[in-house]
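**Student:** Can you look at this prediction? I've put the sequence above it.
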Amino acid sequence: MSRSLSFSQQAYDAMEKMSRTDYLRIKKKLQYFISLDDPLSTAKPLIQSSLWSYRWRVGEWRIIFDIDREWHIIIVLVIGRRKDIYRQK
C-alpha cells in the first residue's frame, strides 16, 4: 500500500530551520516509517491530546502526526525537540 506525507505549515517551517544533519535524519526516518506495512506499529499514541493522535521518536526529535486512513495520507503536524514539543498547544 502506498502512502504519502503531508506537512502542516508549522512542521514544514521546523524542517527548514533545523540543521542539515537533523533534516536528513528525520527525512530518512519518515521515508522508512511510511514504507512499513503498518506505520502505526512504530508510533506511540498520545494519551492526553485532543488534537493530535500519534508520535514518532527520532533521537531527541518528536514527530507528531495524524493519519487519514481513507486516503492513506500521514499528516505531519508538528516536529520539534522533546523538551519543547509538548508545550506548543
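**Tutor:** Yep, it's here.

**Student:** C-alpha only now, for contacts and for neighbours.
**Tutor:** OK.

**Student:** What residues does Ile79 make contact with?
**Tutor:** Gln10, Ala11, Ala14, Met15, Trp61, Arg62, Ile63, Ile64, Ile85 (CA atoms under 8 Å, 6 or more residues apart in numbering).

**Student:** List the buried residues in the helix or strand harbouring the fourth one.
**Tutor:** Met15 belongs to helix 9-17 when elements are defined using DSSP states H and E. Judged by neighbour count using 16 or more other CA atoms under 10 Å, the buried positions of helix 9-17 are Ala11, Met15.

**Student:** any idea of the mean pLDDT for it?
**Tutor:** For helix 9-17, the mean pLDDT works out to 96.

**Student:** swap in stretch 64-78?
**Tutor:** 90.

**Student:** okay, how far is it across it, tip to tip?
**Tutor:** 5 Å (CA to CA, to the nearest Å).

**Student:** Grab the most central residue of the chain for me.
**Tutor:** Ile63 (3.1 Å; CA atoms, centre = their mean).

**Student:** Bridge partners for it, pull those for me.
**Tutor:** Assessed by DSSP bridges, Ile63 has beta-bridge partners Trp56, Ile79.

**Student:** residue contacts, it?
**Tutor:** Arg55, Trp56, Arg57, Val76, Leu77, Val78, Ile79, Gly80.

**Student:** quick one: which two of those residues are the most distant?
**Tutor:** Greatest spatial distance among those (CA to CA): Arg57 and Leu77, at 14.0 Å.

**Student:** model confidence over the helix or strand following the helix holding Met15, on average?
**Tutor:** Toward the C-terminus, helix 9-17 is succeeded by helix 20-35 as the next helix or strand (DSSP H and E). Averaged across helix 20-35, the pLDDT comes to 96.

**Student:** what's helix 20-35 in contact with?
**Tutor:** Residues external to helix 20-35 that are found in contact with it (CA under 8 Å, 6+ apart): Ser2, Arg3, Ser4, Leu5, Met15, Glu16, Pro39, Thr42, Val58, Ile74.
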